[in-house]
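Asker: Predicted model, plus sequence, below.
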Amino acid sequence: MTPSSPVSQGVVTLHVNGQGAQVDAALHDTLLTVLRDRLQLTAAKRGCNQGVCGACTVSVDGVPMRACLSLAHNCESAEVQTLEGLLDCPHMQALQTAFAHTGAFQCGFCTPGMLVSARSLLQRDPDPDERAIRTALSGNLCRCTGYVKIVEAVQAAARSLLAEGAAS
C-alpha cells in the first residue's frame with residue numbers, strides 16, 4: 001500500500017467585489033495570483049512579491065492586506081475587495097479626485113495599494129492627522145513622489161468627505 005499524495009490543487013470559492021467566484025487554484029497560490037491571473041482583476045500590482053511594497057494591497061474583511069502574502073484558499077470565507085470593486089465608494093471617489101488634483105501619483109504603480117489603504121483609514125478615522133495618514137500608508141512604498149502629495153491628497157479627501165457628510 002502506498003501512501004496517498006497530498007492534494008495540491010482544488011477549487012477555491014471566493015467572494016470578490018460582491019460576487020462569488022469559483023477558481024481552480026493550487027494550495028500555494030496567493031490571492032494576488034488568483035485575482036490577477038485567474039479573475040483578471042489587475043489593479044493590485046505584483047511588485048516585490050514579498051509583502052514589502054504594498055502594491056498588491058486589497059481589502060480583506062475591511063482590512064488592508066498584502067495579496068501576495070495571502071493564500072487564496074485562506075480567503076475562502078472572507079470578503080475581498082480590490083480597487084475595481086471600490087470605485088463607486090464615496091471614500092474612493094474622494095480619494096481619486098484628491099490624488100488627481102494634488103498630483104499625488106506619477107507612474108501610478110503604487111496608487112491602487114495607496115488608495116485601498118487610504119480608504120480603510122478614512123473609514124475608521126474620518127479626520128486623520130498627518131501622523132495617522134503616514135502610519136496607515138507606511139506599508140505602501142512609492143519611488144516617485146516622496147509622499148508629501150500623497151499625504152496632502154488623503155487630507156484633502158478627508159476634508160471633502162467631512163464637508164459632504166459622507167465620512168460616516
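Answerer: Looks like it came in fine.
Asker: Give me the neighbour count for the spatially closest residue to Cys107 that is not a sequence neighbour.
Answerer: Spatial nearest neighbour of Cys107, excluding adjacent residues (C-beta to C-beta, 6 or more residues apart in numbering): Cys144 at 5.3 Å. Quick note: C-beta positions are derived from backbone N, CA and C, even for glycine. Applying other C-beta atoms under 10 Å, we find 15 residues neighbouring Cys144.
Asker: Assumed Cys144 was part of a helix.
Answerer: No: per DSSP: H, G, I helix; E, B strand; the rest coil, Cys144 lies outside any helix segment and is coil.
Asker: give the contact list for it.
Answerer: Cys144 is in contact with 105-107, 110, counting by C-beta atoms under 8 Å, 6 or more residues apart in numbering.
Asker: Tell me the buried residues within those.
Answerer: For those, a burial check counting by 16 or more other C-beta atoms under 10 Å picks out 105, 110.
Asker: which one of the contacts of Cys144 is nearest Lys45?
Answerer: Cys110 (7.7 Å; C-beta to C-beta).
Asker: so the closest one touches Thr57, yeah?
Answerer: No: with contact defined as C-beta atoms under 8 Å, Cys110 does not reach Thr57; the gap is 9.2 Å.
Asker: just the helices in this structure please.
Answerer: Assigned by DSSP state H, the chain shows helices spanning 31-33, 83-86, 90-102, 111-124, 130-136, 148-164.
Asker: Now do the shared contacts for Cys110 and Thr57.
Answerer: Asn140.
Asker: The residue nearest the centre of the chain and Ala157: what is the separation?
Answerer: Per C-alpha atoms, centre = their mean, the C-alpha nearest to the average position across the chain is that of Val58, at 2.4 Å. Val58 sits 19 Å away from Ala157, going by C-beta to C-beta, to the nearest Å.
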